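**Q** coordinates only, no sequence provided:
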Ligand code: DX5
Ligand code: ZN
């Protein structure tokens with residue numbers, strides 16, 4: 001029995017067919033649907049707003065893992081909570097009062113996530129662990145799918161595991177960017193609980209089978 005979770009990233013799916021894709025994922029071993037929200041400021045790319053997320057929520061039987069790559073995310077927390085996010089994640093680099101933003105996410109009834117970019121040390125989130133349910137370790141620079149995983153990620157995951165071990169808290173650790181069958185087992189071994197996979201799933205011939213392969217590791 002695998003304990004880890006798989007979250008296919010809709011960023012790599014066909015934007016003209018969300019309903020069909022989500023129905024396919026409903027009938028797969030995917031645990032969550034990863035939704036990348038980009039504003040063209042925090043990252044160069046632009047993707048979905050709360051309206052699109054609400055539509056995804058309507059069709060999905062799986063929890064939505066909403067990853068906000070936007071500046072000053074406090075402005076939109078309520079909208080994405082109402083849209084149906086189960087996990088709502090902000091970037092540590094985008095929040096002036098990170099602890100408050102995470103508290104707010106929980107107040108809105110969502111699980112609170114914090115993401116850190118490849119250059120951000122894990123010490124940046126050491127003092128918010130009391131209000132965090134999910135930590136997203138970015139294994140690529142955010143903005144685009146289909147990039148190569150940064151090798152430093154393994155060390156960072158191991159360091160993060162140790163840091164959390166010293167506390168009474170038990171957030172899930174998710175790794176996001178460049179995940180595939182060549183690195184997934186090592187990422188799990190280094191401490192990841194949740195694997196996001198975009199291109200590896202949706203560029204494959206049979207996404208349902210690819211999800212099954214990722215899920216059957218360990
Ligand atoms: C990158 C996004 C990722 C992306 C992952 O900015 O946060 O979630 O969709 O895609 P792949 O798996 O293709 O690297
Ligand atoms: Zn993401």
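**A** Yes, it's here. None of these values were measured; they are calculated from a predicted model. Ligands and ions are numbered 1, 2, ... in the order given.
**Q** and residue 77, helix, strand or coil?
**A** Recorded secondary structure, residue 77: helix (DSSP: H, G, I helix; E, B strand; the rest coil).
**Q** wouldn't it be in contact with residue 104 here?
**A** Yes: using C-beta atoms under 8 Å, residue 77 is in contact with residue 104, at 5.6 Å. C-betas here are computed from N, CA, C, even on glycine.
**Q** what are the ranges of the strands in the protein?
**A** Per DSSP state E, the chain carries strands over the ranges 5-8, 33-38, 64-69, 85-91, 111-116, 134-138, 172-176, 194-197.
**Q** which elements pack onto the first one?
**A** Using 3 or more C-beta pairs under 8 Å, 6 or more residues apart in numbering; DSSP states H and E as the contact criterion, the neighbours of strand 5-8 among helices and strands are strand 33-38, strand 194-197, helix 207-215.
**Q** counting contacts, what elements does the last one pack onto?
**A** The reference is to helix 207-215. Applying 3+ C-beta pairs under 8 Å, 6+ apart, one finds that helix 207-215 makes contact with strand 5-8, helix 18-26, strand 194-197, helix 199-202.
**Q** please point out which parts of the last one sit buried.
**A** Neighbour-count burial for helix 199-202 flags 199, 200, 201, 202 (criterion: 16 or more other C-beta atoms under 10 Å).
**Q** tell me which of those residues is nearest to ligand 1?
**A** Nearest to ligand 1 among the buried residues of helix 199-202: residue 199, at 3.4 Å, using C-beta to the nearest ligand atom.
**Q** OK, contacts around the closest one?
**A** 12, 145, 146 (C-beta atoms under 8 Å, 6 or more residues apart in numbering).
**Q** contacts only, for residue 105.
**A** Applying C-beta under 8 Å, 6+ apart, the residues contacting residue 105 are 77, 81, 88, 90, 111, 112, 113.
**Q** need the pLDDT of it.
**A** Note for residue 105: predicted pLDDT of 99.
**Q** the one 3 residues further on too?
**A** At residue 108, the model reports a pLDDT of 99.
**Q** give me the distance between whatever residue of the chain ends up closest to ligand 1 and ligand 2.
**A** Relative to ligand 1, the nearest point of the chain is residue 198 (2.8 Å; C-beta to the nearest ligand atom). Using C-beta to the ion, to the nearest Å, residue 198 is found at 8 Å from ligand 2.
**Q** wait, doesn't that residue sit right on residue 21?
**A** No: counting by C-beta under 8 Å, residue 198 sits too far from residue 21 to count as a contact (11.9 Å).
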